[in-house]
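Undergrad: After the sequence you'll find the predicted model.
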Amino acid sequence: MDEEYDVIVLGTGLTECILSGLLSVEGKKVLHMDRNDYYGGDSASLNLTQLYRKFRPNQAPPAELGRDRDYAVDLIPKFIIASGELTRILVHTDVTRYLEFKQIAGSFVYRDGKISKVPSTEMEAVKSPLMGLFEKRRAKKFFEFLQGWKDDDPTTHQGIDLDKDSMKTVYEKFGLETGTQDFIGHAMALYLDDDYITKPARPTYDRIVLYTSSMARYGKSPYIYPLYGLGELPQSFARLSAIYGGTYMLDKPIDAIVTDADGKFVGVTSGGETVKAKQVIGDPSYFGAGSESEGGKMRVVEVGKVVRAICLLKHPIPGTDDSDSLQIIIPQNQVGRRNDIYIAMVSSTHNVCAKDIYVAIVSTIVETDKAELEIAPGLNLLGPIHEKFVSISPLYAPTTSGESDNIFITRSYDATSHFETVVEDVQDIWKRVMGSDLVLKKREVEVHE
Amino acid sequence: MSKQLQFKLVLLGESAVGKSSLVLRFVKDQFDDYRESTIGAAFLTQTVTLEDQTTVKFEIWDTAGQERYKSLAPMYYRNANCAVVVYDITQPSSLEKARTWIRELQRQADPSIVIALCGNKSDLSARRQVSEEEAKKYADEEGLMWAETSAKTGEGVTEIFTAIAKKLPLTAPPSARAGAGRTPTGARSGVDLNKQAPGAKGQEEACNC
Ligand SMILES: Cc1cc2nc3c(=O)[nH]c(=O)nc-3n(C[C@H](O)[C@H](O)[C@H](O)COP(=O)(O)OP(=O)(O)OC[C@H]3O[C@@H](n4cnc5c(N)ncnc54)[C@H](O)[C@@H]3O)c2cc1C
Ligand SMILES: Nc1nc2c(ncn2[C@@H]2O[C@H](COP(=O)(O)OP(=O)(O)OP(=O)(O)O)[C@@H](O)[C@H]2O)c(=O)[nH]1
Ligand SMILES: [Mg+2]
């Protein structure tokens, strides 16, 4: 390991793998290491053996669950928004050629003790029990306003300034009930809490447009999902990096991050050897997350906690038309919380578990010291739960930007239901590492026939 | 109408056994005496036409060098329809490595995967260290196809790929494979991200909720 690299990347989570893939395409000499002997870090998908080793170290997986290889259980419940930024990166880098995607079959929202499908067609919207007749009329006016909006045509603005007026003002203008606001803000704009209401309406507008255009793309839900689980995503970007010369080393414990007298990054020590590079990028676990700061600098801080329960079911979720995959959003107001509860479910249709098993992950941002109780409204919707693996994960964020010491730390995977914030982190780190905005170039085709 | 079937084929084996050379011979009928260890590109396609006019298109994946530090991503072979596991007949250790890969494929890949064990560099038989009998016996025990090849002279190369092509549609009829591994139909079963979104331009059609 006497070579010198441009960038060392630590941890093979999705954020790190997208970055190493893009940096390698850009011509950077990348060394990518992980302490684990598998790809994916916190965003890995585990087979049964790995799942039990992680959550039940003293118990072997029961034989009745079927073959190990049939399982790829995600640790982080997220779906890909069909028209979102991750899709754009997948397409531009041609990483799509390593993956196959399927739709998520449905998107549901919890209201007054029941779950209803988020309408995906006009017919469904008309029949939806989510709104009464008059409210539907008002909602229609609201949606027509959004659809008709053109930045450069004031006649479409109906007196609203998306950049100045709050979402509250917009809701009031159309006279929408709180239930409808919950639906729009949480099931469509995918906000986790209600902070957005008092802020300018523009980002909410953008999110609704993203949701509806994603919905329009494949029809059933705004989400797609890779066969064999989300863990395929980091692996695919790792292959992209390798194809452009990136060097991969798994199963490498990292002993130390070496800095010079000024605290600037020098190299990484693993197995007694130090590899040098100009810059290092890594997930928080390589920079002291979860451990006391060693008298030195605090490089990461905890910014919250997420509770996640991975549940194995032997039946589809009740009241969802036997959907093979879905998302259910429980808006916070509906259950007296500050943050929404999410349920994400996939099944053998996506090659992530044995036939007739359904993998549902219930998650939320922790608000009390009884985290597991907080997800009860979600767990209660699932019917009998065959197996349940609960984890409470701190979310870490870096304390510095890395521009002064060349140490760039990624953020933990948050509680949102999609990858948009992951891509924001990628873009943000790219800008700090490269000093310029990330511009996606179409990768030249390397298929020879 | 003749059928066209598409299959994902992966190459596995120790570094320098001749994986990339075999592909280069098969796809371009070329050989390179000083071929460098693969870093970088490796995604080629080649079509084989069988006697009954069925054409089999191989989507061939090379390792991109990830196996050098034992870091090949399982995604590489997980949904493969066939695998060519290569060893070098002058290097006994490379057969050991091939056995490890075969165990891994039997554990992790789709059960219907067709595996061919391939003893490469048969032109160097003067320096042979792995006997035909030993390798053949092992392949028979594990139910693998087996052949010796030389990427250098071309001996046996087309033959092994053709033999795989013949075996594939039989062991993997497209209808029986739905949901398991990659469907060998050419068209992928899932959604196509590269397709332009309907109504991606202009917002009129965008709202479909
Ligand atoms: C959960 C939910 C989501 C909704 N989403 C939308 C929406 O995205 N856009 C919207 O305009 N109204 C939306 N509505 C409003 C609702 O669809 C209409 O108010 C309802 O169809 C009654 O309309 P109508 O019979 O008066 O007119 P209709 O004859 O049904 O519709 C008149 C026009 O309204 C538009 N329209 C109606 N429903 C939709 C829809 N779902 N998506 C796109 N355009 C539609 C169409 O352009 C149509 O030409 C939604 C309602 C609910 C409950
Ligand atoms: N004599 C002889 N040499 C071969 C043959 N096949 C490959 N070689 C040589 O063996 C060396 C390694 O071949 P590669 O095709 O690069 O091997 P590889 O398995 O792709 O190696 P990695 O990319 O490092 O994993 C090259 O110098 C080739 O020229 C063969 O059939 N006969
Ligand atoms: Mg090679």
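TA: Okay, I see it. Residues are numbered from 1 along each chain as shown, chains lettered A, B, ... in the order given. Ligands and ions are numbered 1, 2, ... in the order given.
Undergrad: Lowest-scoring secondary structure element of chain A by mean pLDDT?
TA: helix A:122-127 (a mean of 74; mean pLDDT, DSSP states H and E).
Undergrad: dump the residue contacts of residue A:3.
TA: residue A:275 (CB atoms under 8 Å, 6 or more residues apart in numbering or on different chains). C-beta here means a position set from N, CA and C on the backbone, and glycine is covered the same way.
Undergrad: Next, work out how far apart it and residue B:34 are.
TA: Going from residue A:3 to residue B:34 by CB to CB, to the nearest Å gives 22 Å.
Undergrad: Show me what secondary structure element comes after the top helix by length along chain B.
TA: Scanning chain B for the longest helix, with DSSP state H as the assignment, gives helix B:92-108. Per DSSP states H and E, the first helix or strand lying C-terminal to helix B:92-108 is strand B:114-120.
Undergrad: Could you check that following strand against chain A for contacts?
TA: No. Applying CB under 8 Å from any CB of the partner chain, one finds strand B:114-120 separated from chain A by no less than 15.1 Å.
Undergrad: which stretches of the stretch 101-250 of chain A form strands?
TA: In the stretch 101-250 of chain A, the strands defined using DSSP state E, counting those that start in this stretch lie at A:101-103, A:106-111, A:114-117, A:223-226, A:247-249.
Undergrad: quick one, which of those is nearest to residue B:45?
TA: strand A:101-103 (21.1 Å; CB to CB).
Undergrad: thinking again about what came up before, show the average pLDDT along the longest helix of chain B.
TA: For helix B:92-108, the mean pLDDT works out to 94.
Undergrad: Off-centre distance for that helix?
TA: In terms of CA atoms, centre = their mean, to the nearest Å, the centre of helix B:92-108 is set 15 Å apart from its chain centre.
Undergrad: can I get the CA coordinates of it in PDB?
TA: C-alpha atoms of helix B:92-108 as PDB (Å, rounded to 0.1, in the frame of the first residue of the first chain):
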ATOM      1  CA  PRO B  92      -2.800 -25.600  -8.800                       C
ATOM      2  CA  SER B  93      -3.700 -22.700  -6.400                       C
ATOM      3  CA  SER B  94      -5.900 -21.300  -9.100                       C
ATOM      4  CA  LEU B  95      -8.100 -24.400  -9.000                       C
ATOM      5  CA  GLU B  96      -8.400 -24.000  -5.300                       C
ATOM      6  CA  LYS B  97      -9.600 -20.400  -5.900                       C
ATOM      7  CA  ALA B  98     -12.000 -21.700  -8.500                       C
ATOM      8  CA  ARG B  99     -13.500 -24.100  -6.000                       C
ATOM      9  CA  THR B 100     -14.100 -21.300  -3.500                       C
ATOM     10  CA  TRP B 101     -15.900 -19.300  -6.200                       C
ATOM     11  CA  ILE B 102     -18.000 -22.300  -7.100                       C
ATOM     12  CA  ARG B 103     -19.000 -22.800  -3.400                       C
ATOM     13  CA  GLU B 104     -19.900 -19.100  -3.200                       C
ATOM     14  CA  LEU B 105     -22.100 -19.400  -6.400                       C
ATOM     15  CA  GLN B 106     -23.800 -22.500  -5.100                       C
ATOM     16  CA  ARG B 107     -24.500 -20.600  -1.900                       C
ATOM     17  CA  GLN B 108     -25.500 -17.200  -3.200                       C
END
